[in-house]
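Colleague: Everything below, folded, please.
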Amino acid sequence: MRGVGVQWTGMKALPVIHKEYPSYGYMQTENMCGNSENDWSALERTWNAVVHCFNNGVGAYMYWNMVLDETCKSWWDWAQNAMVIVDRNTRQVRYTDEFYLMKHLSHFVQPGSRLLKVSDHENVLAFRTADNGTAIVTYNSDEDTRFRTFVIDGKKIEVTLKPKSINTIKMNDK
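Modeller: The predicted structure follows:
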């Protein structure tokens, strides 16, 4: 099998590359590193990148800096985002919003899961899981409660999403 690894700057090319070479495997090898924001805005950027990548043929998404120290600087002295920040002096560990996003995704979307088509592909991903269930992950970016309706594999799903929330609906399709 042939494959392509795409760093974050190459994400814009994914729609064209995947269309031209649909038989290749694709992997997002580097998320957007940020500038040490480590806040909800970083989670939103990563979520948007994850949705874009999966909807354009990527089968795996890699986070670049899992753990950084309190300076949030890489070894080449660039302050970046991280999922976990460890203060070397106080030994306190801080889990960022992106940590919880990636933890959430990796908990429900296990190896062997396959992307499903969703009627509304904005802020939602759906996967057929290895246990033959369905995991729907969706984000409400609004400041208000939002009602959403999706059609996946001919099934209509209606959900109520709290403001600024990542949600997973797990369905057993047996």
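Colleague: Test my guess that Glu158 contacts Arg146.
Modeller: No: judged on CB atoms under 8 Å, Glu158 makes no contact with Arg146 at a distance of 11.5 Å. Placement of C-beta: from N, CA and C, glycine included.
Colleague: Please, where are all the strands along the protein?
Modeller: 3-6, 25-28, 58-61, 67-69, 84-86, 93-95, 114-116, 124-128, 134-140, 146-152, 155-161, 165-171 (DSSP state E).
Colleague: out of these, nearest to Asn35?
Modeller: The closest of those to Asn35 is strand 67-69. By CB to CB, the value is 12.5 Å.
Colleague: Need the single longest helix in this protein, by residues.
Modeller: helix 40-55 (DSSP state H).
Colleague: could you give the mean pLDDT of that helix?
Modeller: For helix 40-55, mean pLDDT rounds to 96.
Colleague: So which of Glu158 and Arg146 has more stuff around it?
Modeller: Arg146 (17 against 8; other CB atoms under 10 Å).
Colleague: per the record, what domains does the chain have?
Modeller: Annotated domains of the chain cover 1-108, 112-174 [automatic domain parsing].
Colleague: show me where pLDDT drops low in the chain?
Modeller: Applying pLDDT under 70 to the chain flags the ranges 174.
Colleague: Cheers, nothing more for now.
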